[in-house]
Structure formats: C-alpha cells, structure tokens
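Novice: Sequence below, structure please.
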Amino acid sequence: MKIPPLRLGTRGSQLALWQANYVAERLRAVAEPRAIELVIIDTHGDQIQDRPLAALGGFGVFTKAIQQALLDNRVDAAVHSLKDLPTIPVEGLELAATPPRGPNGDALVSLKYNRFADLPKSAVVGTSSLRRRAQLLNERPDLTLIDLRGNVETRLRKLREQDLDAIILAEAGLIRLGLGNEITEILDPKWMLPAVGQGAIGLECRSNDAETIHLVQALNDPATWNAVIAERAMLATLGGGCLVPIGTHTRIANGVMTLRGTVLTQDGKRRIVDTHAGPADKPLNVGNELAAQLLSAGAKELLET
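Specialist: Reported below is the predicted structural model:
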C-alpha cells in the first residue's frame with residue numbers, strides 16, 4: 001500500500017517557497033518513508049497587488065486560503081510567515097511548532113544614502129506596513145511615505161525604477177533569499193520595533209491530526225516558541241484584530257524573558273512603549289502582563305482611535 005505524502009501548504013512567492021523548502025528538508029528526516037510535497041496556494045493578498053494591505057482587511061490576507069486548505073484536508077500542515085498569522089484562533093486548527101527564528105530586524109535599503117540618519121528632509125521611503133509607517137513618522141515626521149506592495153524582488157525593482165530614496169524590508173526575507181548585500185542598515189529596535197512573530201516560521205496543523213502534529217513538533221525550537229507565544233499573547237490581549245501599528249522586541253537570557261512593546265497611532269504622532277520581564281517558561285504571563293501595562297498607560301485609547 002502506497003504511503004500518502006505529507007502535504008505542506010504554502011504561498012507561491014520566492015520567500016514563501018524558501019521557507020516551505022526549509023521546513024520540508026528538515027521534515028524528511030523525521031517523516032520517512034513518507035514523501036514531502038509542497039502545495040502552492042494563491043492567497044487574497046497575492047491576488048490583489050494594487051491596493052494597500054489595510055484596504056484588504058489587513059489580517060489573514062496571506063493565511064486564510066491556506067488555513068481553509070488545511071480544514072478541507074487538501075494539505076496536512078501550513079507553513080506561514082508567523083507575522084502574517086492572526087492571533088484569533090480558527091476552530092479545528094492550532095499552531096504546532098516554530099523552527100529556530102531568523103533575524104527579526106527591519107532593514108533600510110537605499111542606493112543613495114548610507115544610514116537612516118542621512119535621509120534628507122522629505123525623503124521618499126516605500127513600505128507596505130502600517131507598523132513601519134507609524135514608527136518611521138514618529139521618528140521622522142518629515143518623511144514622505146509611499147505604499148509599496150509586492151514580493152521582495154518586486155520591491156527592490158521599484159526602489160530602482162521609481163528612484164525612491166529608500167525602502168524598508170524585513171531583514172529575514174533578504175537574508176533568506178541571499179540578498180543580504182542589499183541591506184544598507186538594520187534600523188535600531190529602540191525605535192523601530194519588529195512585528196509580532198517577525199523572522200519566525202509558524203507550522204499550523206489540524207487539531208485532531210496527532211500524527212502530523214507529532215512530526216512537525218520535531219522541528220520546534222523552544223526559545224523561539226516561548227518568544228513568539230509571549231508576543232502573540234501581548235497582541236491578542238491588546239486586540240490583535242485591529243489595524244493598529246503594534247511592535248515588539250523579545251530578549252531571553254538566563255531564563256528571563258524581557259518583552260518590549262509599543263502601540264502607535266497610524267500617523268505616528270502618539271506612541272506608547274513599555275517593557276516587562278518574567279520567567280521565559282511563562283510566555284503567556286509575560287505577554288499578557290505587558291499588554292496590561294500598555295493598556296493602563298493609554299494604549300486602549302490609541303487602539304480605539
């Protein structure tokens with residue numbers, strides 16, 4: 001009797017395929033004799049490239065179609081960029097594992113300037129992220145920001161073709177695609193806090209599929225898992241379904257997790273930032289407690305604006 005392959009659902013972009021192949025290569029060793037098969041799924045966010053992500057609803061535009069394929073038993077596990085996966089649970093599905101996290105910074109890419117600080121007044125900067133936009137404007141209200149959609153290669157091409165002063169991309173995506181030489185500067189996380197789950201890959205399975213969950217959990221990295229669970233708990237407690245700029249940065253040392261979070265208005269004029277530390281093996285507590293601190297400091301008003 002032929003053993004069915006283990007089917008991994010993924011988007012079709014070069015970065016998504018890199019991530020899916022990275023996962024597939026590591027799963028082969030634990031899934032033998034089952035073959036690993038990639039199933040490419042076209043998502044809403046991939047289909048519509050001429051509108052800002054916020055105009056598409058923002059959350060789940062790169063994940064809902066893959067999650068539906070998982071629910072429909074067309075794939076056995078989903079490979080997500082974890083920053084794209086909403087914190088709102090989907091009945092019948094669960095986040096099962098996170099392989100070791102890649103770099104999670106935000107990279108400035110410029111053909112004209114060597115540092116963010118060198119950008120002139122009213123410099124034109126491209127980004128598709130509300131989080132990046134708000135933090136850029138908070139740091140430099142003079143900048144002219146334009147919406148920049150498309151995969152990594154498309155955005156790099158637009159930087160050149162549109163003669164932009166700079167664009168902001170995820171450090172992990174550039175590194176994974178072998179484009180690290182394009183990076184001009186990694187923006188300081190003191191003011192440009194990464195997205196929740198940035199640089200991490202999330203493996204999602206059906207809750208009742210114990211066999212697949214067992215297989216993918218062999219790839220789980222506990223430090224990454226604890227960090228992203230804390231970040232996602234913070235986001236969920238703040239109200240993760242809102243289209244509000246939220247950033248976070250996690251550090252784990254000597255069993256202690258230090259989580260920093262920020263909430264901004266979309267125009268960047270108002271910013272609340274706070275830090276909380278706690279046991280690294282209690283990530284839900286750390287995330288929830290930081291969210292409570294942010295809310296008591298006024299984040300609730302920003303979230304409702």
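
Novice: can you map out the strands along the stretch 101-250 of the chain?
Specialist: In the stretch 101-250 of the chain, the strands defined using DSSP state E, counting those that start in this stretch lie at 106-109, 124-126, 144-146, 166-170, 185-186, 201-206, 246-253.

Novice: Reformat the ones you listed as JSON lines; add mean neighbour count and mean pLDDT.
Specialist: (Each C-beta comes from the backbone N, C-alpha and C, glycine too.) Output for the strands of the stretch 101-250 of the chain, formatted as JSON lines (neighbours: other C-beta atoms under 10 Å; pLDDT from 0 to 100):
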{"stretch": "strand 106-109", "mean neighbour count": "23", "mean pLDDT": "98"}
{"stretch": "strand 124-126", "mean neighbour count": "21", "mean pLDDT": "98"}
{"stretch": "strand 144-146", "mean neighbour count": "15", "mean pLDDT": "97"}
{"stretch": "strand 166-170", "mean neighbour count": "24", "mean pLDDT": "97"}
{"stretch": "strand 185-186", "mean neighbour count": "16", "mean pLDDT": "98"}
{"stretch": "strand 201-206", "mean neighbour count": "24", "mean pLDDT": "98"}
{"stretch": "strand 246-253", "mean neighbour count": "21", "mean pLDDT": "97"}
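
Novice: of all those strands, which lies closest to Ile36?
Specialist: strand 201-206 (12.6 Å; C-beta to C-beta).

Novice: mind giving me TSV with the strands of the stretch 101-250 of the chain and columns for distance to Ile213?
Specialist: Converted to TSV, the strands of the stretch 101-250 of the chain look like this (distance: least, C-beta to C-beta, whole Å):
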stretch	distance to Ile213
strand 106-109	32
strand 124-126	40
strand 144-146	42
strand 166-170	28
strand 185-186	35
strand 201-206	5
strand 246-253	25
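
Novice: what about Thr127, how many neighbours?
Specialist: 20 (other C-beta atoms under 10 Å).

Novice: Check whether it really touches Leu136, as I assumed.
Specialist: Yes - at 7.1 Å, Thr127 counts as touching Leu136 under the criterion of C-beta atoms under 8 Å.

Novice: Spit out the residues that contact these two alike.
Specialist: Residues touching both Thr127 and Leu136 (C-beta atoms under 8 Å, 6 or more residues apart in numbering): Leu145, Ile168.

Novice: tell me the SS of Glu94?
Specialist: Counting by DSSP: H, G, I helix; E, B strand; the rest coil, the backbone at Glu94 sits in strand.

Novice: now Arg7
Specialist: From three-state DSSP, the assignment for Arg7 is strand.

Novice: For it, the count of nearby residues, please.
Specialist: Neighbour count of Arg7, defined by other C-beta under 10 Å: 19.

Novice: close enough to count as contact, it and Val39?
Specialist: Yes - between Arg7 and Val39 there is a contact under C-beta under 8 Å: 5.1 Å.

Novice: got a list of contacts for stretch 26-42?
Specialist: Residues from elsewhere that reach stretch 26-42, judged by C-beta under 8 Å, 6+ apart: 3-12, 17, 20-21, 24, 65-66, 69, 74-75, 99, 215-216, 218-219.

Novice: Now with 7 Å, please.
Specialist: With contacts defined as C-beta atoms under 7 Å, 6 or more residues apart in numbering, stretch 26-42 is touched by 3, 5-12, 20, 24, 65-66, 69, 74-75, 215, 218-219.
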